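In: task: produce atomic coordinates for the following.
(chains A and B)
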Amino acid sequence: MTRALNVHRIAPGATVQDRGRTGYRAFGVSQGGAADPLALAEGAALLGQSVDCAALELPGSGGVFEATEPLRIALTGAPMRATLDGAPLVWNASHALPAGSRLEIGGVTAGSYGYLHVGGGFDLPLQLGSRSAHLAAGVGTAVQAGDSLPVGEDTRSGVGLCLPQDSRFDGGVLRLVESFQTAFFDPATRDRFTETTFTRDARANRMGMRLDSAGEGFATSAGLNILSESIVPGDIQITGDGTPYLLLRESQTTGGYPRIATVIPADLPRAVQTPSGGVLRFRFVLRDDALEAERKMRDHLRALPKLCVPLVRDPSQIRDLLSYQLISGVTAGDAPYEKE
Amino acid sequence: MTGATSSSFDPLIRSAGLNAVLVSFGDALTEPANRAALAFSAAVARAGIDGIEECAPSLVSVFVQFDPLHLSLEVVTAKLTALLAEQDWYAAPMPEGRRFIRVPTVYGTDLAPQLEEAAQAAGLSVETAIAQLSEARVRVQTIGFAPGQPYLGLLPEAWNIPRQTALTKAVPEGALVVAIRQFVLFSVANPTGWRHVGQTALQLFRADNDTPFFLRPGDEVQFVQASPDVLQRHKHDPDGGAVIEAIR
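Out: Next comes the predicted model:
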């Protein structure tokens, strides 16, 4: 039998994602890739493999899965209730998935996007250099019940590692830098924007999220006749009626609505993981501060393999303790990490 | 075309988020500014500046992405400024290898239900509207929004009609829509604020193909009027019955 993960049930909109595509912006294809790239890197670190491995992105809730051969798995991103043959699995950790066992992943307990990683990565064919589904571009499809996802060869071994639980799953303050259309908005509107408390609208998707707030909108009359211009992930565009939309990695490459500011890359994982109804605020920072945040983010990504620690288990919770090889073969810290 | 003089706008370099700059050759769509954007984007790609990751032209600008921890905004601005000084980009020639493509198009009918509404907005009879749209030889000014999706222009002045106030929920692949003296030809079904005046069988984006994108900036296109029968006949041809010739 081929090495695969069989999907018995799955949340609507679940897709296979890697780091996305670069080099196709001139052809109208945005980068896409995992909505939360930090969760992608965490899974790679827990399994000691390359961050280029593709994982299954689960929006809001998971599904029921079964491996055709023994697999190593890792669960990262928005914490979800997960069980293996009925026994609870720790989130943000790596585990063994024996062939034929039932892996069940439920709804999020915080955040928005959970990730199921497999040792060796999901081995879908490359399209434009990536395994990511880009539904907005018509590349790839959502994963459906009955699918069998091929899994690549796993050259590593060892499970039972975990990473500290992160706090990015409950909204908060996102840092902004000015962008080339910020000047379309008068200082009073900009100030009001940073003084406003927003909630993430329930209709958010991989392309963007609508930001709801009480009171009047943030419309500008200055920007209504502008040409369509390039979009970067993190841009906050204001539509004609004054509603802000935060644009994400799978947004269109160009857009005609003016943008008030851009969320810095280091804060995008927090942005996309904001749960439906979660509260967000915005704060402008200087470019130097944004660069410092970027430096810290990359240092953190590089340090992830070293932050993985053995999972502390309560032996009474493990039915078949003797069959576990808890950390064999794992040498944390030497993961083949991609250089930035 | 408006703004025919080539030096009425000095190119502007402004940051776009933390890891990109936008080099703009105008604040309105003009033929020279569009030429400048296409030529300068190609020049940035050719220059192979260490730390620059991607560049892409939009209608009158070039988007340049770089690693901000490797290349400072000051350095990238200086390098692009030096490149700008090398020639008069507004007078740059069109890209090489351009083609003239005639695409069978059904105007109106239930395949393109907003023709009458668009003609009315343009102050033209339906017959005149079809004549103007089907005889116009338009140029791909940029590819953007969706994979392989072109913005084409410029149409006659009458077609300087605004976008709709409300969005059309979705137009299908191959839909020809119009606003602000431009066509957009849809590569995938998407919502739009532009009016759906024609329908083609052209498949602009072929994800599994070696050359996944059919059109390139600089290509010229005529949307020749055809009957629904003709379109039906080309349904399984990814080129949608288009006739392609090289521009020399």
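In: partners of the helix or strand hosting A:Ile236 in the sheet?
Out: Taking DSSP states H and E as the criterion, the element that holds A:Ile236 is strand A:235-238. Take DSSP bridges as the rule and strand A:235-238 pairs in its sheet with strand A:244-247 (antiparallel), strand A:259-263 (antiparallel).
In: tell me the helix or strand right after the shortest one.
Out: From strand A:244-247 onward toward the C-terminus, using DSSP H and E, the following helix or strand is strand A:254-255.
In: tell me which residues are up against stretch B:221-237.
Out: Residues external to stretch B:221-237 that are found in contact with it (Cβ atoms under 8 Å, 6 or more residues apart in numbering or on different chains): B:100-107, B:109, B:111, B:130, B:133-140, B:150, B:152, B:176, B:183, B:185, B:198-201, B:215, B:240-241. Placement of C-beta: from N, CA and C, glycine included.
In: now with 7 Å?
Out: B:101-107, B:109, B:111, B:130, B:133-134, B:137-138, B:140, B:152, B:176, B:198-199, B:201, B:240-241 (Cβ atoms under 7 Å, 6 or more residues apart in numbering or on different chains).
In: may I see the ChimeraX selection of the buried members of those residues?
Out: Provided next is the ChimeraX selection string for whichever of these are buried by 16 or more other Cβ atoms under 10 Å in any protein chain shown:
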select /B:101,102,103,104,105,106,107,111,130,133,138,140,152,176,198,199,201,240,241
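In: who in chain B is up against chain A?
Out: Proximity of chain B to chain A, by Cβ under 7 Å from any Cβ of the partner chain, involves residues B:14-20, B:22, B:29, B:53-54, B:56-61, B:63, B:68-69, B:73, B:143-149, B:188, B:205, B:207, B:212-213.
In: which of the strands paired with strand A:235-238 sits most buried?
Out: Highest mean neighbour count of the strands paired with strand A:235-238: strand A:259-263, a mean of 26 (counted as mean count of other Cβ atoms under 10 Å in any protein chain shown).
In: wait, isn't A:Ser230 in contact with B:Val21?
Out: No. If you go by Cβ atoms under 7 Å, A:Ser230 and B:Val21 don't touch, sitting 10.2 Å apart.
In: bridged to B:Ile101, which residues?
Out: Residues in a beta bridge with B:Ile101, per DSSP bridges, are B:Val221, B:Ile244.
In: from B:Glu31, how far out is it?
Out: Taking Cβ to Cβ, to the nearest Å as the criterion, B:Ile101 is separated from B:Glu31 by 20 Å.
In: which SSE is immediately downstream of the top helix by length along chain B?
Out: Taking DSSP state H as the assignment, the helix of chain B that covers the most residues is helix B:31-47. From helix B:31-47 onward toward the C-terminus, using DSSP H and E, the following helix or strand is strand B:52-57.
In: list the buried ones in that following strand?
Out: With burial defined by 16+ other Cβ under 10 Å, the residues of strand B:52-57 counted as buried are B:52, B:54-57.
In: same deal with stretch B:134-149?
Out: Going by 16+ other Cβ under 10 Å, stretch B:134-149 has these buried residues: B:136, B:138-149.
In: wait, A:Phe284 sits on A:Thr194?
Out: Yes. In terms of Cβ under 7 Å, A:Phe284 counts as a neighbour of A:Thr194; the distance is 6.4 Å.
In: on the three-state scheme, the residue most central in space within chain B is what?
Out: Taking Cα atoms, centre = their mean, the centroid of chain B lies closest to B:Tyr151, which sits 2.4 Å from it. For B:Tyr151, the reduced secondary structure class is strand; criterion used: DSSP: H, G, I helix; E, B strand; the rest coil.
In: enumerate every residue touching it.
Out: Neighbouring residues of B:Tyr151 by Cβ under 7 Å, 6+ apart: B:59, B:141-142, B:144, B:182, B:184.
In: bridged to it, which residues?
Out: When bridges are assigned using DSSP bridges, the partners listed for B:Tyr151 are B:Thr142, B:Val184.
In: which stretches in the stretch 1-150 of chain A count as helices?
Out: Counting by DSSP state H, counting those that start in this stretch, one finds helices in the stretch 1-150 of chain A at the ranges A:37-47.
In: what residue ranges in it score low on pLDDT?
Out: Applying pLDDT under 70 to the stretch 1-150 of chain A flags residues A:1.
In: try chain B
Out: Looking along chain B with the criterion set at pLDDT under 70, you get B:1-8.
In: which residue ranges of chain B form helices?
Out: So, for chain B - with DSSP H - the helices run B:31-47, B:73-84, B:115-122, B:126-135, B:228-233.
In: tally of neighbours for residue 99?
Out: This is for chain A. 12 (other Cβ atoms under 10 Å in any protein chain shown).
In: the chain in question should be chain B.
Out: Quick note: B:Arg99 (other Cβ under 10 Å) scores 16 neighbours.
In: mind listing the residues bridging to A:Leu58?
Out: Applying DSSP bridges to A:Leu58 yields these beta-bridge partners: A:Gly114.
In: that one contacts A:His117, correct?
Out: No. In this structure, A:Leu58 sits apart from A:His117 without contact. The criterion is Cβ under 7 Å, and the distance is 11.2 Å.
In: contact residues of the stretch 51-200 of chain A facing chain B?
Out: For the stretch 51-200 of chain A, the residues in contact with chain B (Cβ under 7 Å from any Cβ) are A:127-128, A:137-139, A:177, A:179-180.
In: please repeat the previous calculation with a cut-off of 8 Å.
Out: Counting by Cβ under 8 Å from any Cβ of the partner chain, the stretch 51-200 of chain A comes close to chain B at A:127-128, A:136-139, A:177-180.
In: and B:Arg248, how far from chain A?
Out: Here B:Arg248 is placed at a distance of 24 Å from chain A (Cβ to the nearest Cβ, to the nearest Å).
In: quick check: neighbours shared by A:Ser230 and B:Val21?
Out: Between them, A:Ser230 and B:Val21 share the neighbouring residues B:Phe63, with contact defined by Cβ under 8 Å, 6+ apart.
In: if we can go back for a sec, distance to A:Thr239 for the helices of chain B - can I get that in JSON lines?
Out: Compiled in JSON lines, the helices of chain B are given as follows (distance: least, Cβ to Cβ, whole Å):
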{"stretch": "helix B:31-47", "distance to A:Thr239": "26"}
{"stretch": "helix B:73-84", "distance to A:Thr239": "29"}
{"stretch": "helix B:115-122", "distance to A:Thr239": "22"}
{"stretch": "helix B:126-135", "distance to A:Thr239": "29"}
{"stretch": "helix B:228-233", "distance to A:Thr239": "34"}
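In: ok so, going back, buried ones in the longest helix of chain B?
Out: Residues B:31-45 are the ones in helix B:31-47 that count as buried (16+ other Cβ under 10 Å).
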